[in-house]
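[1] Give the three-dimensional model of this entry:
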Amino acid sequence: MKKDSVKVGLIGFGTIGKGVAKLFLNSGTIINSKSGIPVELKKICDLDITTDRGIKIPAGVLTTDVNDILNDPEIDIVIELMGGYKPALDFVLRALNSGKNVVTANKALLSKYWDEISAAAAKNGVQVMAEASVGGGIPILRGMDKGLAANRIEKIMAILNGTCNYILTKMTFEKMSFDAALKEAQAKGFAEADPTLDIEGFDTMHKITILSTMAFGGRVREQDIPVEGIKKIDYTDIEYAGEFGYVMKLLAVAEREGGLASVRVHPALVNKKHLLASVNNEFNAIYLKGDAVGETLFYGRGAGEMPTASAVLSDVIYISRDISNGMKRAAKEIKTGNFVKMQKSGEVVSKYYLRFTVVDKIGVLASIAGVLGKNNIGIESVIQKVQKQHEQVPVVIMTYSARESDMKKSLKKIDAMKAVKEKTVVYRVVDL
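    Reported below is the predicted structural model:
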């Protein structure tokens, strides 16, 4: 049934919510024109409606009672910008079960509860759109769902966390310590007061869960994704990476071959000639490879008030167009149990960067090379700094592609050698 207007309720009036309200107030003409129907922000709900956000909200719009949105039959679209799991999940499910469309930026919620949310949307014939949940203002989800719909997505490599990318950029180009770079990121608003989700890789994991689920057409679960953050990265390895022609990035990787997928989050050395290597500071980028289109790169601001608000309002406009045309479009449900078949972690193949701390004496490098060779790991190049004999020195090796299980077996034996004084530092390598 066609309507004369679309009414929207916003839950969450923090940084992104403020940006959404600004766009509604300042770009109403554009929103209405592109939607083909008047779109009104009818209610904004937040526990704090007294703090000055620097924008003038019309009288009667602000409320502290979420029921003013969820129980209002006039509201067609609910925007959820609270973040977290509870009570966000309850509010989203209530909205969907009331026949309301939902727009969210909540990557953690979607990553964990995709099954429940998509099932509720499909059951009630409404949509869930979440462009803002991955990549901020980068239109990656719509690009995959529409622009690349004819493709079988074979590989995703992405920089999805602006905090981590900012820290690594500062460490690389200004030789900052990790702690100093993190403090600067916090001072500039790129990092939260508690940065754990970012620097430990979990924020990136939530986003690659969503991307890989969309790309592979089946559910990818959080527990299937090994995660490693950036907290332990030392400038020493960034410096050696540069000598080899690489830069350090926190990558989310999803790839499939022969019906099996591998999804992971970890720091990696990226060849300086690769497009991802030049993505610096708080910017994000998503590299995709499709069987028909080949290689593509989506690049832009991955977070922030206005870029993320742009993505939220984009979803509102898309849903409003359907309402304007009298269309009722339901979200695609991924059935519970339709899990993507995952490759065993030990079978994943990669090049590796290895840094050993050894006693500088004859035969040590040969012994290390011997262990690697016995486990089918070839050496591509070596850096060994000359120091006084019998002192501890770093030996850095770049390997050819090897299976993860073979690498783990090798390092277990190498780290047990008398001449090896510290646990080996190991990173995966991304080449052209």
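[2] which residues sit in contact with residue 263?
    By C-beta atoms under 8 Å, 6 or more residues apart in numbering, the contact set of residue 263 is 208-209, 212, 220, 224-225, 252-254, 342. (Glycine included, C-beta is placed from N, CA and C.)
[3] quick one: stretch 41-57 to chain centroid distance?
    The gap between the average C-alpha position of stretch 41-57 and the chain average comes to 29 Å, counting by C-alpha atoms, centre = their mean, to the nearest Å.
[4] just stretch 136-154 next, same as before
    Here stretch 136-154 is found 15 Å from its chain centre; the criterion is C-alpha atoms, centre = their mean.
[5] and if you look at stretch 238-251?
    21 Å.
[6] Dump that stretch to CSV, restricted to CA.
    What follows is stretch 238-251, C-alpha atoms only, in CSV (Å, rounded to 0.1, in the frame of the first residue of the first chain):
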residue,chain,number,x,y,z
ILE,A,238,57.9,-2.5,10.8
GLU,A,239,61.5,-1.5,10.0
TYR,A,240,62.5,-4.9,8.6
ALA,A,241,59.3,-5.1,6.6
GLY,A,242,60.2,-1.8,5.0
GLU,A,243,63.6,-3.3,4.0
PHE,A,244,61.9,-6.2,2.3
GLY,A,245,59.5,-3.8,0.5
TYR,A,246,56.4,-4.2,2.7
VAL,A,247,54.3,-2.3,5.2
MET,A,248,52.4,-3.6,8.2
LYS,A,249,48.6,-3.5,8.2
LEU,A,250,45.8,-5.1,10.2
LEU,A,251,43.9,-7.1,7.6
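[7] Give me the residues contacting that stretch.
    With C-beta under 8 Å, 6+ apart as the contact definition, stretch 238-251 has outside contacts at 157-159, 161, 164-165, 168, 171-172, 201, 204, 229-230, 233, 237, 265-273, 276-277, 279, 353, 355, 381, 383, 394, 396, 398, 427, 429-430.
[8] Among the residues you listed, name the buried ones.
    Using 16 or more other C-beta atoms under 10 Å as the burial test, the contacts of stretch 238-251 include 157-159, 161, 164-165, 168, 171-172, 201, 204, 229-230, 233, 237, 265-271, 276-277, 279, 353, 355, 394, 396, 398, 427, 429-430 as buried.
[9] and those, which of them are in strands?
    In strands, judged by DSSP state E, the following of these are found: 157-159, 265-271, 353, 355, 394, 396, 398, 427, 429-430.
[10] does residue 326 sit in a helix, a strand or a coil?
    Going by DSSP: H, G, I helix; E, B strand; the rest coil, the secondary structure assigned to residue 326 is coil.
[11] who touches the closest residue to residue 356 other than its chain neighbours in this structure?
    Of all residues beyond its chain neighbours, the one nearest residue 356 is residue 395 (4.6 Å), with distances taken as C-beta to C-beta, 6 or more residues apart in numbering. When contacts are counted by C-beta under 8 Å, 6+ apart, residue 395 is found next to 355-356, 358, 364-365, 368, 382-384.
[12] Next one: residue 395 from residue 291, what distance?
    In this structure, residue 395 and residue 291 are separated by 41 Å, where distance is defined by C-beta to C-beta, to the nearest Å.
[13] Residue 131 too?
    Here the criterion is C-beta to C-beta. By it, residue 131 lies 24 Å from residue 291.
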